[in-house]
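S.K.: Mind looking at a prediction? Sequence and model below.
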Amino acid sequence: MYVLQRYYKLSLFLLNKSLKFVNIYHCIMPIIKLDAIDSTNDYLKQLSRESALENYTIVMAEEQTKGKGQMGAKWVSEKGKNLTMSILVKDLVMDNKNIFDLNVAVALSILQVLKNSNIPNISIKWPNDIMSDSKKVAGILIENTLKSKKVFNAIIGIGLNLNQTNFKDLPQATSLTNITGENYESEKIAFLLGKSLEEYLHVLTKSPAMLWDEYHKNLYKINYPLAFEDKDGNRFMGIIRKVKKDGRLEVLREDDSITNFEVKEIKMLY
């Protein structure tokens, strides 16, 4: 069964007859809505190879059966309750040494939407989580494809807990509904995230230093003593000093030495 709807009173078209359920909303940016898919990132990546998609095309799914998190981690989401989406950003121009600038812009764009939605105590947990107080509400996965020197396309995956209320097996997670008691429309939030990302990427081209300042002001537990565990299982106390331009986390240790950690080399114990 195919379902076609209008979104923001603009026209749409059927994309792929092999899919059980497809909506394409064409507002300022096209939004493709799927009933179920393995991974919105994988789907959008393949679609971008086969079709000439517009910049900031969004794919979202009611259910994602093989959702991915950072470094291959699995993203688990209750069907129809949350927002699982991917955004295509085309022809980004950036030196490889500054590639984490994109993570900064993406994280801040999500932060802005949530703050505008009156979600309290929002912060960015390195490298790619969004927190409310000490619980995770969103995660980010960015996959880049190099087109030529310094030019690449990015698939930006965002998982945002909207209306799910049961996190029995995920005690460090929560949702916007659990925080505010309100229900949220996934299509509307997807649109707001796409527009916010577009705006922050524009700022990035003009003033990356300003975005880095904002990022550090909103960095979870920066300058607070924390317990950590390294990849070998060793536990220690330390203080997050900053995130370096290459994306490594700079931690001041108890002996006053400074160590820079890559993703998956360290985790916070909280």
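M.R.: It's in.

S.K.: how near is Ile110 to Lys168?
M.R.: 25 Å (C-beta to C-beta, to the nearest Å). Every C-beta, even on glycine, is put in place using the N, C-alpha and C of the backbone.

S.K.: With neighbour numbers in mind, choose between those two.
M.R.: Neighbours around Ile110 and Lys168, counted as other C-beta atoms under 10 Å, are more numerous at Ile110. The numbers are 25 against 5.

S.K.: Test my guess that the more buried one contacts Leu192.
M.R.: No: here Ile110 does not reach Leu192: they are 9.8 Å apart, not a contact under C-beta atoms under 8 Å.

S.K.: ok, which stretches of this structure are strands?
M.R.: With DSSP state E applied, the chain shows strands at 22-26, 30-37, 58-64, 83-93, 122-125, 129-132, 135-148, 151-160, 225-230, 235-243, 249-253, 258-261, 266-269, listed in chain order.

S.K.: The third one pairs with which strands, and in what direction?
M.R.: Think strand 58-64. According to DSSP bridges, strand 58-64 has the following sheet partners: strand 30-37 (parallel), strand 83-93 (antiparallel).

S.K.: Now the shortest one: buried residues?
M.R.: Within strand 30-37, the residues that count as buried by 16 or more other C-beta atoms under 10 Å are Pro30, Ile31, Ile32, Lys33, Leu34, Asp35, Ile37.

S.K.: which of those residues lies closest to Val59?
M.R.: Relative to Val59, the closest of the buried residues of strand 30-37 is Ile32; by C-beta to C-beta it sits at 4.7 Å.

S.K.: For the residue lying closest to that closest one once chain neighbours are set aside, give the beta-bridge partners.
M.R.: With sequence-adjacent residues excluded and distances taken as C-beta to C-beta, 6 or more residues apart in numbering, Ile32 is closest to Val59, at 4.7 Å. Following DSSP bridges, Val59 is listed with bridge partners Ile32, Ser86.

S.K.: what's near enough to touch Val59?
M.R.: Residues near Val59 by C-beta atoms under 8 Å, 6 or more residues apart in numbering: Ile31, Ile32, Leu34, Ile37, Thr40, Tyr43, Leu44, Leu47, Met85, Ser86.

S.K.: ditto for Ile239
M.R.: Applying C-beta under 8 Å, 6+ apart as the definition, the contact partners of Ile239 turn out to be Asn223, Tyr224, Pro225, Leu226, Val251, Leu252.

S.K.: Output those in TSV; the columns should cover pLDDT.
M.R.: As requested, these are exported to TSV (pLDDT from 0 to 100):
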residue	pLDDT
Asn223	98
Tyr224	96
Pro225	97
Leu226	97
Val251	98
Leu252	98
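
S.K.: Most neighbours of all those, which one?
M.R.: Taking other C-beta under 10 Å to define a neighbour, the member of these with the most is Val251, carrying 22 neighbours.
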